[in-house]
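# task: produce atomic coordinates for the following.
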Amino acid sequence: MDSLLEQLPRIASEGRKEVEKIMERISSPNRVTLQSNEYVLPAKASGLLASRTEEIDKNAWHNRLIYGDNLLAMQALLAGDPETGLPSMRGKIDLIYIDPPFDSKADYRTKITLPGTTVEQRPTVIEQFAYSDTWKDGTASYLKMLYPRLVLMRELLSDKGSIYVHIDWHVGHYVKILMDEIFGKDNFRNEIIWKRDAAGKGAKTISKQWPRVHDSLFFYTKSEERYFSQQYTGLTELQLKEYRYQDPDGRKFKRTTLGDYSEKSIEELRKKGLIYVSSTGQEYKKYYLDEAKVTIDNIWVDVLGFGVRTSSKERLDYNTQKPSDLLERIIEASCPKGGIVADFFAGSGTTGAVAEKLGRRWIMSDIGKPAVMITRKRLIDQEAKPFLYQSIGDYQKETFASSRMFRRIGDLAQVILRLYGAEPFNEEQSPNRNLGYIKGTRTLVIVDSPSKMTGLHTLRKAQELRESFLGGWDKVVVLGWNFVFNMGAIIQELNDTRLDVLVIPPDLLDRLKKKWKKGEYEKLVNSGQIRFSSLQYLAVREPVIDERTDDSVEIQIQLDNYILLSPDTLPLDDKDKEKIQAIMSEDPLALLEYWSIDPDYDGEVFRSKWQDYRGNTDMDNDEFRVVPEARLIVPKKAGKRTICVKAVDVFGFESVWMKEV
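Coordinates of the predicted model:
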């Protein structure tokens, strides 16, 4: 096998070709888009609340939290979306900070504390494949993952922009070679050494190496025309002791010799009162304490990691969380006030949280559901400005388009039918090749397209086919990839016991692609290991509306029940699945992580005008449960309004309930 040094030219060449294809697609009608799942107006539960009344101004800037693969997110940002009024971000970002995962043996499990128990969640299936792809061939795979992403980041940066890549000893020097190639060696500014733990963890007496206590940050700029604001720090105790002299007015100073000064310069200092004469008549220059500045250099030992601050209120129990002080220094130095900061491996959201605090705009994305859930709560806690929570539009469509396994969607549908255990109809009976049946039963099976959102139209069509196709059927099963916003409410409204709607596993295309490459495709199809799950849904009691004034009403909303999809489809070990099953039976609402309300849903964007979430104790002292009831004061409205409730469970699954009142 070639060494990494020998593989680097090939990694760069393949990366350039991938970027060429991406750039072609960005300017085509098939460009990637972002869909806005939620417009978050931070207003966490804390008693009887007046609902936020702000509306979305499509012409205004909105900070963005994006869930999904950052390669797709950056494509969407570069392309822009004229239909929704979101412009291209090419050349508009002032600062990018990324902290990509750099340990192939890292444990990406998330600990979830529930009432009376704790479970460990494995990464979602999409995350698992992202991580396994990143490290399947070790460091070479990691560099292949980074190359096109770094190129897209360069395209997003403004001419005065900067990028900081946070890395450790595993892959750092190889990453620098890529960055020299992409950003230009002349645009390398510094390698910043960050000592994570000022005290150090110490070394075992038998250790055969120096302890590893630092990370590196590679600092590059887009061009020579860069923004940079020098940062300063306070004096150490040792430095303060040098200021032991003082003027009659008490102003403290330290003294230094005049060895390098000319007579002319000394005379100028004397006129300014900056010469100190000792008792022996020796002259010195004065340096006043109140004017003292210590320039921060590229070795940072004064910003502590969390190893020595386990009780810090800032800690969110997120493995790769970085301290706010670190991001504060970077943002203050390399992004002007009002500028735009981006982080495409957002983790716990420190970059956006600090940017918000410092008066900068921000964009964050992450492929991890736990990451975006933590970040959303963190920003609401911080009472951030309203922001958009977005995701990749038609994620499965993007995966299908890049798989190159199937020429037609019908070919994929045939595989899905076999995986479900159905026998496909021939092409004459089913021209779209997406219909099948369960042998020995009168059950019809329909596979929806990965490029469609399964909704009411699909279910109505399924009901029609159940009654008419080849003489009729007792039951119909719809297998879908993507679902409309209010799918749970649609299913409840139809109340059809002869109609089942199941979710095609979101990792299925990735799994098929891997098996295809290994020649084990048929094994997976015939294995019976693929599980299709039911949709989860939220039950809410009939809203109570009381008039308060001539201009306002009070809306009372109470959660009634939460039905989670089958536990055997969850990313849990067997023992933890049993714990979840017990909670589902006894206290299903305890599985909710977050819920929010749009008291006047417009059918387009969910405007989250009230939120509660686990960890918010303003309404009660239970940090492991959401409050099940909300009371909002809203402006009175002539005619009907649609109340919409969104809930997200501890695993990141979303459910929506809607009611016209």
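# quick one: least confident helix or strand in this structure?
Scoring the helices and strands of the chain by mean pLDDT, DSSP states H and E places helix 395-403 at the bottom, with a mean of 51.
# show me what counts as buried in the following helix or strand past that helix.
Tracing the chain past helix 395-403, the next element assigned as helix or strand by DSSP states H and E is helix 409-420. Going by neighbour count (16 or more other Cβ atoms under 10 Å), the buried part of helix 409-420 is Ile409, Gly410, Leu412, Ala413, Gln414, Val415, Ile416, Leu417, Arg418, Leu419, Tyr420. Any C-beta I mention is one placed from the backbone N, CA and C, and that applies to glycine too.
# just the pLDDT for Met145.
For Met145, the model assigns a pLDDT of 91.
# actually, Phe485.
For Phe485, the pLDDT comes out at 69.
# same check on the one 3 residues further on?
Predicted confidence (pLDDT) at Gly488: the value is 78.
# for the nearest residue to it once chain neighbours are set aside, give the beta-bridge partners.
Taking Cβ to Cβ, 6 or more residues apart in numbering as the measure, Gly488 lies nearest to Tyr537, with 3.4 Å between them; neighbours along the chain are not counted. With DSSP bridges applied, Tyr537 shows beta-bridge pairing to Ile563.
# so what are the domain limits for the protein?
Taking automatic domain parsing as the criterion, the chain consists of the domains 4-22+64-200+218-229+296-393, 233-294, 402-534, 537-660.
# got a markdown table for those domains, with distance to Lys208 too?
Written out in a markdown table, the entries for those read as follows (distance: least, Cβ to Cβ, whole Å):
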| stretch | distance to Lys208 |
| --- | --- |
| domain 4-22+64-200+218-229+296-393 | 16 |
| domain 233-294 | 33 |
| domain 402-534 | 39 |
| domain 537-660 | 36 |
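# rank the ones you listed by mean pLDDT and give me the bottom one.
Checking each of those, the one with the poorest mean pLDDT is domain 402-534, at a mean of 83.
# how far out from the middle of the chain is that one?
Domain 402-534 has its average C-alpha position 30 Å from the chain's average C-alpha position, going by Cα atoms, centre = their mean, to the nearest Å.
# for the closest residue to Asn434 other than its chain neighbours, list the residues it contacts.
The shortest distance from Asn434 to any residue that is not its chain neighbour, by Cβ to Cβ, 6+ apart, is 3.9 Å, and that residue is Ala413. The contact partners of Ala413, by Cβ atoms under 8 Å, 6 or more residues apart in numbering, come to Pro424, Asn432, Arg433, Asn434, Val447, Ser449.
# now Val544, nearest residue through space, not along the chain?
Counting by Cβ to Cβ, 6+ apart, the nearest residue to Val544 once its immediate chain neighbours are dropped is Gln556, at 4.1 Å.
# thinking the one you found is in contact with Arg548, fair?
No. Under the criterion of Cβ atoms under 8 Å, Gln556 lies out of contact with Arg548, with a separation of 11.8 Å.
# which one of the two is surrounded by more residues?
Each of Gln556 and Arg548 has its neighbours counted (other Cβ atoms under 10 Å); Gln556 has more, 15 against 12.
# quickly find the element holding the more buried one.
Taking DSSP H and E as the definition, Gln556 sits inside strand 552-563.
# helices or strands up against that strand?
For strand 552-563, the packing partners by 3 or more Cβ pairs under 8 Å, 6 or more residues apart in numbering; DSSP states H and E come out as strand 537-540, strand 544-547, strand 592-598, strand 629-635, strand 642-649.
# how far is the helix or strand that that strand is followed by from where the chain is centred?
Read in the C-terminal direction, the helix or strand following strand 552-563 is helix 574-586, with elements assigned using DSSP H and E. On the basis of Cα atoms, centre = their mean, helix 574-586 sits 28 Å off its chain's mean C-alpha point.
# also stretch 542-553?
Distance, centroid of stretch 542-553 to centroid of chain: 37 Å (Cα atoms, centre = their mean).
# which residues are contacting that stretch?
Residues from elsewhere that reach stretch 542-553 (Cβ under 8 Å, 6+ apart): Glu554, Ile555, Gln556, Ile557, Ile633, Val634, Pro635, Lys636, Ile643, Lys659, Val661.
# could you check how far the third one is from Lys636?
In this structure, Gln556 lies at 16 Å from Lys636, with Cβ to Cβ, to the nearest Å as the measure.
# with Leu502 instead?
The span separating Leu502 from Lys636 equals 42 Å under the rule Cβ to Cβ.
# how many neighbouring residues does the closest residue to Pro635 other than its chain neighbours have?
Excluding its sequence neighbours, the residue lying closest to Pro635 (Cβ to Cβ, 6+ apart) is Ser552, at 5.9 Å. A count of neighbours around Ser552, defined by other Cβ under 10 Å, yields 14.
# check Tyr232 too.
The local packing count at Tyr232 equals 9, with neighbours defined by other Cβ under 10 Å.
# report pLDDT for it.
Confidence per residue is given as pLDDT, and for Tyr232 that number is 91.
# which ones are touching the nearest residue to Asp600 once chain neighbours are set aside?
Nearest residue to Asp600, sequence neighbours excluded (Cβ to Cβ, 6+ apart): Arg641, at 4.9 Å. By Cβ under 8 Å, 6+ apart, the contact set of Arg641 is Pro599, Asp600, Glu660, Val661.
# switch to 10 Å and redo it
543, 545, 553, 555, 598-602, 634, 659-661 (Cβ atoms under 10 Å, 6 or more residues apart in numbering).
# show the buried residues in these.
Members of these that pass the buried threshold by neighbour count (16+ other Cβ under 10 Å) are listed as Pro543, Ile545, Val553, Ile555, Asp598, Pro599, Asp600, Tyr601, Val634, Lys659.
# quick check, nearest of those residues to Gly472?
For the buried ones among the contacts of Arg641, the residue nearest Gly472 by Cβ to Cβ is Lys659; the value is 33.9 Å.
# let's see the longest helix that the chain contains as CSV, backbone CA atoms only.
As assigned by DSSP state H, the longest helix anywhere in the chain is helix 4-26. Provided in CSV are the C-alpha atoms of helix 4-26 (Å, rounded to 0.1, in the frame of the first residue of the first chain):
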residue,chain,number,x,y,z
LEU,A,4,0.4,8.8,2.9
LEU,A,5,3.1,10.9,1.2
GLU,A,6,2.6,9.0,-2.0
GLN,A,7,-1.3,9.2,-1.7
LEU,A,8,-1.4,13.0,-1.2
PRO,A,9,-1.2,14.0,-4.9
ARG,A,10,-4.0,11.5,-5.7
ILE,A,11,-6.1,12.9,-2.8
ALA,A,12,-5.7,16.4,-4.1
SER,A,13,-6.4,15.3,-7.7
GLU,A,14,-9.6,13.4,-6.8
GLY,A,15,-10.7,16.3,-4.5
ARG,A,16,-10.3,18.8,-7.3
LYS,A,17,-12.4,16.6,-9.6
GLU,A,18,-15.1,16.3,-6.9
VAL,A,19,-15.1,20.1,-6.5
GLU,A,20,-15.5,20.6,-10.3
LYS,A,21,-18.7,18.5,-10.3
ILE,A,22,-20.0,20.3,-7.2
MET,A,23,-19.4,23.7,-8.9
GLU,A,24,-21.2,22.6,-12.0
ARG,A,25,-24.2,21.5,-9.9
ILE,A,26,-24.3,24.7,-7.9
